[in-house]
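Trainee: predicted coordinates and the sequence they were generated for:
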Amino acid sequence: MKLRNRRRVALTGCIIAIVSIWGAVLPWLSSYHHVQERLQFLDDRGIDPSAMFYTELEAMEPILNRIEGRSNHSESGTSL
């Protein structure tokens, strides 16, 4: 097969893969209970997941404090 045809086949394959993931796999994953719970959690707090930057959210402050607290404990050699 010529190089040009190989590139065309590769490009077509990539496009098909992207469209399949975007149009079938992601909607299928969004139907999972865990994903629905996460979306409800964000919706209850008025958080737009498409526009959030985690360190700027008020709801993230306790989570970041908890994570930093765990990392401090792990550095000192103690475990939770």
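Mentor: The structure has been received and is ready for your questions.
Trainee: worst-scoring helix or strand of this structure, pLDDT-wise?
Mentor: When the helices and strands of the chain are scored by mean pLDDT, DSSP states H and E, helix 60-76 comes last with a mean of 65.
Trainee: any idea how this protein splits into domains?
Mentor: Domain assignment for the chain by the TED database gives 1-31, 35-72.
Trainee: what pLDDT is listed against residue 21?
Mentor: pLDDT for residue 21: 94.
Trainee: and it, how many residues sit next to it?
Mentor: Neighbour count for residue 21, taken as other Cβ atoms under 10 Å: 11. Quick note: C-beta positions are derived from backbone N, CA and C, even for glycine.
Trainee: and it, how close does it get to residue 36?
Mentor: Distance, residue 21 to residue 36, by Cβ to Cβ, to the nearest Å: 20 Å.
Trainee: then residue 69?
Mentor: Per Cβ to Cβ, residue 69 is found 30 Å from residue 36.
Trainee: cheers, nothing more for now.
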